[in-house]
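Engineer: one predicted model, sequence on top.
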Amino acid sequence: MQRSRPPNPAGDRHWRGSARLAACCALVFCAMTLLVDWDAETLTPPRALLWLTLSAGVFAILLPPRVTAGPGWLAVRGPVRRHMVRTDALVAVRQFSGASSHLVLRDAHGHQLELDPRVLVADPLLWHELDTGVRRSVERGTLRQGTEVLLRLGHRIDGETAQAVLRASGLS
């Protein structure tokens, strides 16, 4: 009898392109600073190391967090740490708006993560995994705060998905 493996987790489809852009920006920054320093005839090994270090910092700042989801969990991996919550045991969901809107999810085990809601809007598979887990949390009675935030986000995602389908079919 053959064992069935669990399905691959859903991941942010646009992350690789964003990571590639971050790497290109860091490489261009490194090349430009080294060229300017070399042209001014002030390039020394310590200065080259400084430019390489600053380029690595630019890459770390521009690299977006990687979001993945599977049955009952959602994870956000940044350059240093990985945060994971159980979506089937969520306790609270909050949305903070301002310069950068973000969702904060907290589960019954005390884990918490932050993510940009645009990632969920851009990737329906991630939204589906989160929504499935949220429904289980509501059924179990653990989710006490934030259902209205998720309803608004769900309506927004459904609306944008419908518009994308209409545009692709030529009806809009």
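Structural biologist: Done, it's in.
Engineer: CA only for contacts and neighbour counts going forward, please
Structural biologist: Fine.
Engineer: which SS class is the closest residue to residue 43 other than its chain neighbours?
Structural biologist: Distance criterion C-alpha to C-alpha, 6 or more residues apart in numbering; nearest residue to residue 43, sequence neighbours excluded, is residue 37 at 5.1 Å. Of the three states, residue 37 takes helix according to DSSP: H, G, I helix; E, B strand; the rest coil.
Engineer: can you count the residues close to residue 37?
Structural biologist: Around residue 37 there are 16 other residues, counting by other C-alpha atoms under 10 Å.
Engineer: just the CA trace of stretch 150-170, in PDB.
Structural biologist: Extracted in PDB, the C-alpha atoms of stretch 150-170 (Å, rounded to 0.1, in the frame of the first residue of the first chain):
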ATOM      1  CA  LEU A 150     -11.600  38.700   7.700                       C
ATOM      2  CA  LEU A 151     -15.100  39.200   6.200                       C
ATOM      3  CA  ARG A 152     -14.100  42.500   4.800                       C
ATOM      4  CA  LEU A 153     -10.900  41.100   3.400                       C
ATOM      5  CA  GLY A 154     -12.800  38.100   1.900                       C
ATOM      6  CA  HIS A 155     -15.200  40.400   0.100                       C
ATOM      7  CA  ARG A 156     -12.300  42.400  -1.200                       C
ATOM      8  CA  ILE A 157     -10.500  39.300  -2.500                       C
ATOM      9  CA  ASP A 158     -13.700  37.900  -4.000                       C
ATOM     10  CA  GLY A 159     -14.400  41.200  -5.800                       C
ATOM     11  CA  GLU A 160     -10.900  41.500  -7.200                       C
ATOM     12  CA  THR A 161     -10.900  37.900  -8.300                       C
ATOM     13  CA  ALA A 162     -14.200  38.400 -10.100                       C
ATOM     14  CA  GLN A 163     -12.900  41.500 -11.800                       C
ATOM     15  CA  ALA A 164      -9.800  39.600 -12.900                       C
ATOM     16  CA  VAL A 165     -11.900  36.800 -14.300                       C
ATOM     17  CA  LEU A 166     -14.100  39.300 -16.200                       C
ATOM     18  CA  ARG A 167     -11.000  41.100 -17.600                       C
ATOM     19  CA  ALA A 168      -9.500  37.800 -18.700                       C
ATOM     20  CA  SER A 169     -12.700  36.700 -20.400                       C
ATOM     21  CA  GLY A 170     -13.000  40.100 -22.200                       C
END
